[in-house]
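S.K.: generate coordinates for the sequence data below:
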Amino acid sequence: MGSPLFYLMKIIPALVCCGTLALLSATGALAQGTAQIKPGIADTITLKAYADNWCVIFINGKMVAVDSIDFLPHNEISVKILPEYPMTIAVLAKDNADPATGLEYTNKIGDGGFILKLGDGTVTSAAWKAKVFFTGPLNSNTTNPTVSRTPIPARWFASDFDDSAWGSATEFTSARVGPDGDYVAADFTGASFIWTSDLNLDNTVIFRATFQAPPGYVKRWNTTPDLDVSALPSELLPVVAAIGANGQFANLSTRAQVGAGDSVLIPGLVLSGTTSRTVLVRAVGPGLSQFGVAGVLADPTLTVFRGSTTIATNDNWQTQTNPQEVATAAVTTGAFALAAGSKDSALVLTLDPGAYTFRVAGVGGATGVALVEVYLLP
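M.R.: Model prediction:
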């Protein structure tokens with residue numbers, strides 16, 4: 001295999017003999033004599049959005065805005081964006097709802113709502129697509145509340161994501177949604193509040209829409225940025241230890257490449273004190289795809305050891321005696337849901353004080369990226 005210099009020496013004559021020596025840079029390829037025109041603040045447009053209660057907004061696969069307040073007071077977002085057409089806008093919106101019951105403030109049913117307007121005239125309307133991923137309490141039952149969840153699909157924010165089977169958003173009046181906080185009605189002239197058809201019970205909703213350039217629009221600049229933020233969704237995955245309100249361990253998670261043989265993933269944990277504790281342990285491979293992670297471990301196995309003694313093992317979280325207990329534990333701890341039938345592994349265990357290790361390997365020696373999580377259950 002030749003050196004980089006060897007290939008460079010071959011490429012340069014090829015460019016010269018073709019009669020054109022291109023000016024190549026990390027900001028794109030420009031023909032000789034073409035001046036670089038960078039965008040300026042005058043090329044930007046303003047994005048304004050308001051959610052009851054929270055939202056994150058992607059444009060053409062890149063996160064451009066996130067509500068900085070969870071969940072009250074309601075907060076109007078205003079940011080400048082540099083438009084690139086066609087423009088695909090994808091929004092994940094959440095109502096303030098308990099993950100286990102769908103209720104807010106213990107026993108109440110809340111309602112949602114989202115509205116957006118761009119400086120180019122783009123607005124939210126029934127032309128947008130909408131799909132619910134968390135709904136409850138089912139049948140409006142506040143006495144014995146239950147919820148329903150659908151796994152959020154991988155790359156839901158991407159421009160090429162297929163939302164053709166999704167239904168249309170439903171428009172609601174401002175009076176029905178009842179915005180408060182710092183909502184300014186004049187900022188959203190021509191836009192409508194949207195949600196699914198069930199404003200009360202649907203708690204997590206994704207909206208999507210694609211827009212072409214406005215009539216007469218001409219892009220002024222001819223450069224593209226060097227900065228690459230395409231990996232941001234996977235970079236946001238937690239690789240941290242969480243501490244509960246009482247100062248005790250609540251959650252430990254780490255994401256890493258799982259190899260074969262001696263290169264499998266083996267994190268450890270020490271439980272102190274004198275009493276046993278119940279934990280949810282998960283080895284997530286396929287479930288990472290919804291966050292845009294590439295090269296995931298397709299079929300992870302999870303084995304828990306105390307010293308050299310095997311405490312428990314699992315391959316595929318639903319192939320055990322207590323799959324519903326695993327699903328309920330995820331809701332209780334706030335962990336993202338594992339898809340039905342997925343090959344992710346998980347266990348609910350009661351562990352005595354002591355040192356434990358969690359071995360994650362691929363079935364048949366397969367390799368890939370996996371996330372190991374340990375949650376302390378109440």
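S.K.: state the helix or strand in which residue 183 lies.
M.R.: Element membership for residue 183 (DSSP states H and E) is empty, with no helix or strand holding it.
S.K.: which residues of the stretch 201-350 of the chain score low on pLDDT?
M.R.: Counting by pLDDT under 70, the stretch 201-350 of the chain contains low-confidence ranges at 230-250.
S.K.: where exactly do the helices run in it?
M.R.: Read by DSSP state H, counting those that start in this stretch, the stretch 201-350 of the chain holds these helices, from start to end of the chain: 232-235, 323-333.
S.K.: just name the most buried of these.
M.R.: Each of these was assessed for mean neighbour count using mean count of other CB atoms under 10 Å. The highest is helix 323-333, with a mean of 17. All C-beta atoms are positioned from the backbone trio N, CA, C, and that covers glycine.
S.K.: with only the CA atoms kept, save that helix in PDB.
M.R.: Extracted in PDB, the C-alpha atoms of helix 323-333 (Å, rounded to 0.1, in the frame of the first residue of the first chain):
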ATOM      1  CA  PRO A 323     -40.000  -9.700  31.400                       C
ATOM      2  CA  GLN A 324     -42.900  -7.500  32.600                       C
ATOM      3  CA  GLU A 325     -40.900  -6.800  35.800                       C
ATOM      4  CA  VAL A 326     -38.000  -5.600  33.600                       C
ATOM      5  CA  ALA A 327     -40.300  -3.300  31.600                       C
ATOM      6  CA  THR A 328     -41.900  -1.900  34.700                       C
ATOM      7  CA  ALA A 329     -38.500  -1.300  36.300                       C
ATOM      8  CA  ALA A 330     -37.500   0.800  33.200                       C
ATOM      9  CA  VAL A 331     -40.600   3.000  33.600                       C
ATOM     10  CA  THR A 332     -40.000   3.400  37.300                       C
ATOM     11  CA  THR A 333     -36.300   4.500  36.900                       C
END
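S.K.: circling back to that earlier point, tell me which of the helices of the stretch 201-350 of the chain lies nearest to residue 316.
M.R.: Closest to residue 316 of those, according to CB to CB: helix 323-333, at 9.4 Å.
S.K.: ok, and what's touching the closest one?
M.R.: Contacts made with helix 323-333 from outside it, assessed by CB atoms under 8 Å, 6 or more residues apart in numbering, are listed as 99-100, 147, 149, 250-251, 280, 282, 317-318, 320, 335-338, 346-348, 375-378.
S.K.: turn the helices of the stretch 201-350 of the chain into JSON lines, columns for distance to residue 85.
M.R.: Listed next are the helices of the stretch 201-350 of the chain as JSON lines, based on distance: least, CB to CB, whole Å:
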{"stretch": "helix 232-235", "distance to residue 85": "22"}
{"stretch": "helix 323-333", "distance to residue 85": "40"}
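S.K.: show me what stretch 128-148 is in contact with.
M.R.: With contact meaning CB under 8 Å, 6+ apart, stretch 128-148 is reached by 94, 97, 99-103, 107-109, 149-152, 163, 166-170, 194-196, 198, 200-209, 331.
S.K.: can you select the buried ones among those for me in ChimeraX?
M.R.: To isolate the buried members of those in ChimeraX, using 16 or more other CB atoms under 10 Å:
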select :94,97,99,100,101,102,103,109,149,151,152,163,169,170,194,195,196,201,202,203,204,205,206,207,208,209,331
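S.K.: tell me which of the contacts of stretch 128-148 fall in helices.
M.R.: Among the contacts of stretch 128-148, the residues falling in helices (DSSP state H) are residue 331.
S.K.: tell me how many other residues crowd residue 317.
M.R.: Under the neighbour criterion other CB atoms under 10 Å, residue 317 is assigned a count of 25.
S.K.: right, and it touches residue 346 too?
M.R.: Yes - between residue 317 and residue 346 there is a contact at 4.0 Å, judged by CB atoms under 8 Å.
S.K.: between those two, which contacts overlap?
M.R.: Counting by CB under 8 Å, 6+ apart, the contacts common to residue 317 and residue 346 are 282, 326, 338.
S.K.: where's the second one relative to residue 182, distance?
M.R.: With distances taken as CB to CB, to the nearest Å, residue 326 is found 41 Å from residue 182.
S.K.: and if you look at the first one?
M.R.: From residue 282 over to residue 182 the distance is 39 Å, taken as CB to CB.
S.K.: what does the last one give?
M.R.: Counting by CB to CB, the gap from residue 338 to residue 182 is 38 Å.
S.K.: those two: which has the busier surroundings?
M.R.: Applying other CB under 10 Å to residue 338 and residue 182 shows that residue 338 carries more neighbours, namely 23 against 12.
S.K.: skip the chain neighbours and tell me the closest residue to that one.
M.R.: Counting by CB to CB, 6 or more residues apart in numbering, the nearest residue to residue 338 once its immediate chain neighbours are dropped is residue 344, at 4.9 Å.
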